[in-house]
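1. Sequence unavailable; structure follows:
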């Protein structure tokens, strides 16, 4: 009987101390700072009278970085499931997530204070002066061989506590990476109220549905008229061609045409503006636009680059959003050591795909502006070009942003759902920063941003403005000077990256790089500027012709060097990671194998060199020397996938968050699990992107075309 009691008591202490690994060293254990229910929470938790301690033991997690039996805890009726973590406000490092089944009377503040008192500095005093008295109140010595509570505590429990407490001290060594107060979040965080923002978004969605249905009815009516030879003049000739129907200017549009009857030929009648605006939401026309092949295009290889980069980014985010700080792993060391493998570096290189987008944006911006200038001899007014760019991007961003802010929070619930609710709250307060494209500066801390992955769009708009300033007046008057300025700005961006990385001693695995270098335009401008340089080289130096006519071996050699360069940039990080780690102490000491200078050189060079390799490949492809690479990048299916990139980029992190934060436990990483998640996310992202393209993105572009004079 005594042995059984000792096992039960020991199990309680194991629970207490194992769960305490989530407590941070920075929080002071002051029982007087809790709410008035704190001592009631403690007494109830360790009470033997109603069996509460056994419920707590049964449903709480005794394995670090798991959340226990969530459904069992909620089924007890008088208990609630709580999650302890150090996610929000942390600057990086490993954050543990721990699940607890606690009495329903305990507030989140009580729970957080209760477990913060279990760190190494406070555990002895707290156990002897708070937990021991609470336990002894319901302890019956008769049931345990007449041994009094304090004696058994000192004989069987205290030595065990001392040993475990020392282990906890080592476990909380990670606090040197992220020292913050532990937070407690109880319940399923289900959002039951529909505020004004949600109602407005539902009305917007309903309006879109009405417009789509109305446009479809108009489409069918026009098609029926055209098929019967009546009213074909209502069809825009371009729309008739797209559908394969006779247009109002076709010689075969009608048997009894005006021309055949000797009457003056009627001019094609355009739809009224309102009717054209409604028909902008035609699913049939917009889907045809999505699938329409533009024909022979000199820059067709960019479609393949764009689509492959997007698929690659989804792959990287599939694993990134599983990391501690989002959901976390119960086998974190397995994943962390997998990150050190040679194979994983290809996944890690998804970071470089954002630079591919910047490169494509810079090249296309300058190429389009230069071609129009060559044809017309004039440039569009600077404010007008910026406004048109704004109108092109904002409708889809705004729709996704406010749908995320007011509708997505109603999609699910669960122990992790509070995390997406907290993230969404930033959009309700700071969504305007995304619409003004300043969210990479304000708020300054990445986790506080609304839809933080849209830092790219803010940078891209800022780079677009820089590109316009380089184009006019520099390029239009002094093309070579524009080239020199672009090169100098690229070197400046590299220097800023190197300075910040070296002075802050940033590494691939350290925190803080996101806010200081990753999302700032002065450190990310290099690839965009190299895109501008590529466009200038193609238009002005190569005159859009191949310099390797009769020298194909040079083109093949350059293509081979560029591909090898990309592979080196992808896998050079393997040298950084070093040997595997097996415990929290090794993890805390794992700073990588590179010194500060090596980390600085990598940060300065990896993005420009990656982009230079892409520039070589692009120039070879568009000059007709791309060979099999150009064939692959211009395969027909890349073009529609490329058109969906914008929408897919916006929605895929939302799909991942909804999926991950709906889980009832942390993730157990396996290669199969990773692959299944990736394929599912990619499919769902592009399926959602199709819907957004035909009902929001393309209609918005059509409306801008109707309302803005050419």
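-> That came through, no problem. On a predicted model such as this, the values are computed, not experimentally measured, just so you know.

2. what about residue 312, distance to residue 288?
-> Using Cβ to Cβ, to the nearest Å, residue 312 is found at 29 Å from residue 288. The way it works is simple: take the backbone N, C-alpha and C, and place the C-beta from them, glycine included.

3. Neighbour count for these two, which is higher?
-> Per other Cβ atoms under 10 Å, whichever of residue 312 and residue 288 has more neighbours is residue 312, with 19 against 14.

4. ok, now which ones touch the more buried one?
-> 349, 350, 353 (Cβ atoms under 8 Å, 6 or more residues apart in numbering).

5. closest to residue 411 among those?
-> residue 350 (26.2 Å; Cβ to Cβ).

6. how near is the closest one to residue 705?
-> The spacing between residue 350 and residue 705, counted by Cβ to Cβ, is 34 Å.

7. one step back: now intersect the contacts of residue 312 with the helices, please.
-> residue 353 (DSSP state H).

8. SS state for residue 83?
-> Assigned with DSSP: H, G, I helix; E, B strand; the rest coil, residue 83 falls in the strand class.

9. still on that earlier bit, I'd like the contacts of residue 312 as CSV, with pLDDT and neighbour count appended.
-> What follows is those, written out as CSV (pLDDT from 0 to 100; neighbours: other Cβ atoms under 10 Å):
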residue, pLDDT, neighbour count
349, 91, 21
350, 92, 20
353, 94, 21
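
10. out of the contacts of residue 312, who's nearest residue 292?
-> Using Cβ to Cβ, residue 353 comes nearest to residue 292 of the contacts of residue 312, at 26.0 Å.

11. Spatially nearest residue to the closest one, not counting backbone neighbours?
-> residue 309 (4.0 Å; Cβ to Cβ, 6 or more residues apart in numbering).

12. what's the pLDDT at residue 265?
-> pLDDT recorded at residue 265 is 50.

13. what's the answer for residue 244, then?
-> Confidence at residue 244, expressed as pLDDT, is 44.

14. what do you get for residue 120?
-> 51.

15. now the one 4 residues further on
-> At residue 124 the predicted local confidence, pLDDT, stands at 68.

16. If you count neighbours, what's buried in stretch 373-387?
-> Neighbour counts over stretch 373-387 (16 or more other Cβ atoms under 10 Å) mark 373, 379, 385 as buried.

17. what's the answer for stretch 454-473, then?
-> Residues 454-464, 466-468, 470-472 are the ones in stretch 454-473 that count as buried (16+ other Cβ under 10 Å).

18. ok, for residue 410, nearest residue in space, not its chain neighbours?
-> Spatial nearest neighbour of residue 410, chain neighbours left out: residue 191 (5.5 Å); criterion: Cβ to Cβ, 6+ apart.

19. I'd say that neighbour and residue 424 touch.
-> No - at 9.0 Å, residue 191 does not count as touching residue 424 under the criterion of Cβ atoms under 8 Å.

20. Confirm residue 185 sits in a strand?
-> Yes - counting by three-state DSSP, residue 185 is found in a strand.

21. ok, now which ones touch the nearest residue to it once chain neighbours are set aside?
-> Leaving out its chain neighbours, the residue that sits closest to residue 185 by Cβ to Cβ, 6+ apart is residue 418, at 4.5 Å. Contact analysis of residue 418 by Cβ under 8 Å, 6+ apart lists 83, 185, 187, 189.

22. Any buried residues in the host helix or strand of residue 418, and which?
-> Using DSSP states H and E, residue 418 maps to helix 417-435. By neighbour count on 16+ other Cβ under 10 Å, the buried set for helix 417-435 is 417-421, 423-424, 426-427, 430-431, 433-435.

23. Can you list the low-confidence ranges for the stretch 1-150 of the chain?
-> Scanning the stretch 1-150 of the chain for pLDDT under 70 picks out 1-36, 47-51, 53-54, 62, 64, 86-96, 115-116, 118-124, 138, 143-144.

24. if you set the cut-off to 90 instead, what comes out?
-> Scanning the stretch 1-150 of the chain for pLDDT under 90 picks out 1-69, 71-79, 82-150.

25. again with the stretch 351-500 of the chain
-> Residue ranges of the stretch 351-500 of the chain with pLDDT under 90: 370-384, 443-448, 472-480.

26. now the angle between helix 417-435 and the helix ranked longest in the chain, please.
-> Using DSSP H to define each element, the chain has its longest helix at helix 196-228. Here helix 196-228 runs at 70 degrees with respect to helix 417-435, directions being taken by axes from the mean of the first three to the mean of the last three Cα atoms, to 10 degrees.

27. same for helix 196-228, what does it pack against?
-> helix 273-279, helix 283-291, helix 382-406 (3 or more Cβ pairs under 8 Å, 6 or more residues apart in numbering; DSSP states H and E).

28. Name the nearest residue to residue 197, ignoring sequence neighbours.
-> Leaving out its chain neighbours, the residue that sits closest to residue 197 by Cβ to Cβ, 6+ apart is residue 406, at 4.0 Å.

29. and what of residue 454?
-> The shortest distance from residue 454 to any residue other than its chain neighbours is 5.5 Å, reached at residue 434 (Cβ to Cβ, 6+ apart).

30. Name all residues that make contact with that neighbour.
-> Neighbours of residue 434 in contact, by Cβ under 8 Å, 6+ apart: 397, 401, 427, 450, 451, 454, 457, 458.
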